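> return a 3D structure for these sequence lines:
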Amino acid sequence: MSVITITTDFGTRDGYVGEVKGVLATRAPEAALVDVAHDLTPGDVRGAAWLLGRIWSRFPAGTVHLVVVDPGVGGDRMPLAARVAERWFVGPDNGLLTLVCHAFSVEVARRIDLTIGGSPPSSTFHGRDLFAPAAAHLSAGADPERIGPEIDPDQIVELALPTPVRQGDSLRGHVLHVDRFGNLITNLPNDDLPPSPQVLISGVTVPTLSPSYDAVRAGELLASLGSGGTLEISVRDGSASELLGADRDEEVEVRPASGAAV
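Just a heads-up that it's a prediction; the model follows:
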């Protein structure tokens, strides 16, 4: 069974996701449709790129990832289908594939033809009229060449995201995402942290890593090796974002605790 994942900023109140799923169910009836998220902040391409970068590899080879966060719908941005690590990614070329492209090389990229849906798409709903037909076409195993002309993968738009910087024994980075619990998810890889690290953020020092949330008392700040492979700062039974007044792009420093061997 083929899989199509669906990630949008459409929400679920207005039925837009249902329209997209109707197209997919009609054109690729054998595919399993998996909702990743639909309550992303409207137009937040960077947030969607982070989410896609976290989840895409959890799905099997052959999956088609349909991602529509498209503030420039109907404009000059390119409608894109790209194959990476034996998976297809379909959506607007506005930076959504940034972290995917950082992880693996693009095998092939195509500009989706505006006629893929059989008629000219609405200028405001490419998710339904353009990207869903393209995703269904690929999921059904049809000829990818019919999607549209091949393009140079170097043309794919990438966002300028902050990257970690090492300064002596310290590693500096930033918060890339704040989840619904108020956890601050950084770009500092777990595997690159110094031994016995202490974490500095918003003028506060977290003296050590915690193995779990219940290692601290309710309301206390903690730092941990996050499930997505990077350092996270949290509050047990609370919000680290609210406690620290910190949001995306907040600077984070990790350095060996005083007296730790380096």
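> check which helices and strands the host helix or strand of Leu51 is in contact with.
Following DSSP states H and E, the helix or strand that holds Leu51 is helix 45-55. Judged by 3 or more CB pairs under 8 Å, 6 or more residues apart in numbering; DSSP states H and E, the packing partners of helix 45-55 are strand 3-8, strand 32-37, strand 64-68, helix 98-103, strand 170-178. No exception for glycine: its C-beta is placed from N, CA and C like everyone else's.
> pLDDT of whichever helix or strand comes after the fourth one, averaged?
Read in the C-terminal direction, the helix or strand following helix 98-103 is strand 106-111, with elements assigned using DSSP H and E. Model confidence over strand 106-111 averages 98 on the pLDDT scale.
> try stretch 18-31
98.
> so where's this structure uncertain?
259-262 (pLDDT under 70).
> could you dump the helices and strands packed on helix 45-55 to CSV with distance to Pro164?
Converted to CSV, the helices and strands packed on helix 45-55 look like this (distance: least, CB to CB, whole Å):
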stretch, distance to Pro164
strand 3-8, 26
strand 32-37, 26
strand 64-68, 25
helix 98-103, 13
strand 170-178, 4
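> among these, which is nearest His137?
strand 64-68 (9.2 Å; CB to CB).
> okay, the angle between the helix or strand just after the closest one and strand 106-111?
Of the helices and strands lying after strand 64-68 in sequence (DSSP H and E), the nearest is strand 78-84. On the basis of axes from the mean of the first three to the mean of the last three CA atoms, to 10 degrees, strand 78-84 is oriented at 160 degrees to strand 106-111.
> need the residues that contact strand 78-84.
For strand 78-84, contacts defined as CB atoms under 8 Å, 6 or more residues apart in numbering pick out 88-93, 97, 100-101, 103-112, 114, 126, 130-131, 134, 138, 144, 147-148, 151, 153, 155-156.
> do that again at 7 Å, thanks
88-93, 97, 100, 104, 106-112, 126, 130-131, 134, 138, 147, 156 (CB atoms under 7 Å, 6 or more residues apart in numbering).
> list buried residues within those residues.
Listed as buried from those are 88-93, 97, 100, 106, 109-112, 126, 130-131, 134, 138, 147, 156; burial here means 16 or more other CB atoms under 10 Å.
> show me where the stretch 101-250 of the chain has its helices.
126, 132-139, 240-244 (DSSP state H, counting those that start in this stretch).
> which of those helices sits most buried?
Sort the helices of the stretch 101-250 of the chain by mean neighbour count, taking mean count of other CB atoms under 10 Å, and helix 132-139 sits at the top with a mean of 27.
> with just CA atoms, put it into CSV.
Extracted C-alpha coordinates of helix 132-139, given in CSV (Å, rounded to 0.1, in the frame of the first residue of the first chain):
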residue,chain,number,x,y,z
ALA,A,132,-3.1,17.0,-4.7
PRO,A,133,-3.4,15.7,-8.4
ALA,A,134,0.4,15.6,-8.7
ALA,A,135,0.8,13.7,-5.4
ALA,A,136,-1.9,11.2,-6.4
HIS,A,137,-0.2,10.8,-9.8
LEU,A,138,3.1,9.9,-8.2
SER,A,139,1.6,7.7,-5.5
